[in-house]
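A.B. asks: this is a predicted model, with the sequence first.
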Amino acid sequence: PMLRCMSSTSSVIVTSRQESALRIVDQGNLLHGLANVLAALPADVAEYFSVLLDAQVSHSALFILDVDDVDAPKKHFGDGDFAARVAIAELDAVRMSAEENSVWRDAVLVGGSVKPVLAAVAGTGALLLLVDPGPTMDDRVILELWQILALRINQRASSASPTYLMESRVASSARMEAVTELADRQITILESVLAVLRRTNLDDRAARQLATDITSQGLVDVREESHRVMTFAEEPVTSAFERLRADLRPLERYCDIVLQFVDPPVDGRALPGEIAHGARAVVHGAVLALAGQPDISRVRVEWGCDGKNLLINLRDDGPGRLTAESTQLDSLRQRVAALDGTLSLVGTEGWGTEMAVVMPLDPPSMRREDAWSWDLSRREMEVLECLTSGMRNRVIASQLGISENTVKFHASRIFRKLGVSSRSGAAAVALQRRVPTSWH
């Protein structure tokens, strides 16, 4: 009996060691997988993270929503047809209903239907949504992994590298997707009202009442979605300037200078999200460059808008010996160029330096030489430009005055000529061609 007991005890000890070893292996695989996710290209983050999490919790689709990522606030991987139906507004509604640093399971409306989800909101405010989640040992592990990835995404956006700004500027996918969703909602409301008015089984009074009810509710929904469109697509110049003011306040203590802010006009045109983000990064870099000179005590920051461009003006009270070719402005020049802007600088000995930056509010059109190098026709180049801007086939068809089937035909020819198999692949090729290699 004692031998049997010892044998049993030995067996338990071995099993425990095996389980510990397996846990160590699992943790090693988990850390290795996380490292791959953090090193992945932005376009591949959702796929890599989905693969990593699938070993922890099975799911049919993964969504990421991060409003600070102006390049692509919505990322997804999984069921393609379902993912295309999931609107930014739906994800934002889930995000707004939860507290930061939290994880929970529920059934929510996504993609037009109620689905079981596992949702996590990081400390940065970014949302992770897993659709049809399976069981896990501890959902908090998912939250901790998401916290790490969300910080990496936020870090990439905050660094505002020229490559990041260029991709955001050309693609403008968030704005196009948000506007498209709003347009779809408006079309649905109008179609519903027309359907009611055409019904023959309702008298005039009943038809008017039903149409009024649909319209009233629709207006409420459109107003709410219009607010979300502004959140993801555009930012009023006044609120963008206030965020800039808050971002720069620590520099006053760090650089021991006084910052003077000249508020922009309240009726100025709203700024596209990538321009508002890029402008704050440009001004931050410019203030650091100016403050790095000797004998600086004051920098004035002013924003304006002429309807087509954001006009940024900075002036210091330093020695006035800084020039546009100064090496400390290299990073700043690259950021401005990435946004298709121009930078000029005038220094007056003993009076200070004045810096002017002009940023176009509208994205640039694609270059004709790109069409020649890819052997694209004029129409194919127009379709590619629309694809790169994040437009859906129906919107492209409406804008170009062609059918959706014709759009699909041109898209397939574009994919073949560019050597890709998807819309995102085509956009990536187009964007890569336009990013100077020295910026990578």
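C.D. replies: Cool, got the structure.
A.B. asks: which residues does the closest residue to Asp79 other than its chain neighbours bridge with?
C.D. replies: Nearest non-adjacent residue to Asp79, counting by C-beta to C-beta, 6 or more residues apart in numbering: Ala61, 5.0 Å away. Backbone N, C-alpha and C define where each C-beta goes, glycine included. Counting by DSSP bridges, Ala61 is bridged to Gly78, Val131.
A.B. asks: cool, the one 4 residues further on as well?
C.D. replies: Beta bridges link Leu65 to Lys74, Leu127 when assigned by DSSP bridges.
A.B. asks: now do Asp106
C.D. replies: Val117.
A.B. asks: give me the number of residues near Leu197?
C.D. replies: Neighbours of Leu197 under the rule other C-beta atoms under 10 Å: 13.
A.B. asks: residues contacting it?
C.D. replies: Ala207, Ala211 (C-beta atoms under 8 Å, 6 or more residues apart in numbering).
A.B. asks: I'd say the residue nearest to Asp79 and Asp81 touch.
C.D. replies: No - counting by C-beta atoms under 8 Å, Ala61 stays clear of Asp81, with 10.1 Å between them.
A.B. asks: of the two, which one has the most company?
C.D. replies: Between Ala61 and Asp81, Ala61 has the larger neighbour count (other C-beta under 10 Å), namely 22 against 7.
A.B. asks: contact partners for that one?
C.D. replies: So Ala61 contacts His76, Phe77, Gly78, Asp79, Phe82, Ala83, Val86, Leu130, Val131, Asp132 (C-beta under 8 Å, 6+ apart).
A.B. asks: so the second one is in contact with Leu62, correct?
C.D. replies: The one in question is Phe77. Yes - assessed by C-beta under 8 Å, Phe77 is found in contact with Leu62 at 5.1 Å.
A.B. asks: between these two, tell me which one has more neighbours.
C.D. replies: Leu62 (23 against 19).
A.B. asks: where do the strands sit along the stretch 201-350 of the chain?
C.D. replies: Secondary structure of the stretch 201-350 of the chain (DSSP state E, counting those that start in this stretch): strands at 234-235, 258-262, 271-272, 298-305, 309-316, 342-348.
A.B. asks: most tightly surrounded among those strands?
C.D. replies: strand 271-272 (a mean of 24; mean count of other C-beta atoms under 10 Å).
A.B. asks: elements contacting it?
C.D. replies: The contact analysis (3 or more C-beta pairs under 8 Å, 6 or more residues apart in numbering; DSSP states H and E) places strand 271-272 against strand 234-235.
A.B. asks: point out where the chain drops to low pLDDT.
C.D. replies: 1-28, 68-72, 157-189, 191, 217-234, 363-373, 389-390, 424, 428, 431-440 (pLDDT under 70).
A.B. asks: tell me how many other residues crowd Val358.
C.D. replies: Val358: 18 neighbours (other C-beta under 10 Å).
A.B. asks: right, and it touches Leu339 too?
C.D. replies: No - at 9.9 Å, Val358 and Leu339 do not qualify as touching, with contact defined as C-beta under 8 Å.
A.B. asks: how far does the host helix or strand of Glu385 sit from the chain's center?
C.D. replies: Element membership for Glu385, per DSSP states H and E: helix 378-388. Relative to the chain's own centre, helix 378-388 is displaced by 22 Å; criterion: C-alpha atoms, centre = their mean, to the nearest Å.
A.B. asks: which helices and strands sit right next to it?
C.D. replies: Under the contact criterion of 3+ C-beta pairs under 8 Å, 6+ apart, helix 378-388 touches helix 368-374, helix 393-400, helix 404-418, helix 423-434.
A.B. asks: wait, which of the ones you listed is closest to Val258?
C.D. replies: Ranking the helices and strands packed on helix 378-388 by their distance to Val258 (criterion: C-beta to C-beta) puts helix 423-434 first, at 39.6 Å.
A.B. asks: what's the separation between the residue nearest to Val51 when sequence neighbours are not counted and Asp54?
C.D. replies: Residue nearest to Val51 in three dimensions, not counting chain neighbours: Gly33, with 7.4 Å by C-beta to C-beta, 6+ apart. Look at Gly33 and Asp54: by C-beta to C-beta, to the nearest Å, they are 10 Å apart.
A.B. asks: can you check Leu339 too?
C.D. replies: Taking C-beta to C-beta, one finds Leu339 at 38 Å from Asp54.
A.B. asks: equivalent analysis for Leu343, please.
C.D. replies: According to C-beta to C-beta, Leu343 stands 47 Å off from Asp54.
A.B. asks: show me where the stretch 201-350 of the chain has its helices.
C.D. replies: Per DSSP state H, counting those that start in this stretch, the stretch 201-350 of the chain carries helices over the ranges 204-233, 237-255, 273-291, 330-338.
A.B. asks: would you mind finding the most buried of the ones you listed?
C.D. replies: Taking mean count of other C-beta under 10 Å, helix 273-291 is the most buried of these, at a mean of 23.
A.B. asks: report the angle between the axes of that helix and strand 298-305?
C.D. replies: On the basis of axes from the mean of the first three to the mean of the last three C-alpha atoms, to 10 degrees, helix 273-291 is oriented at 160 degrees to strand 298-305.
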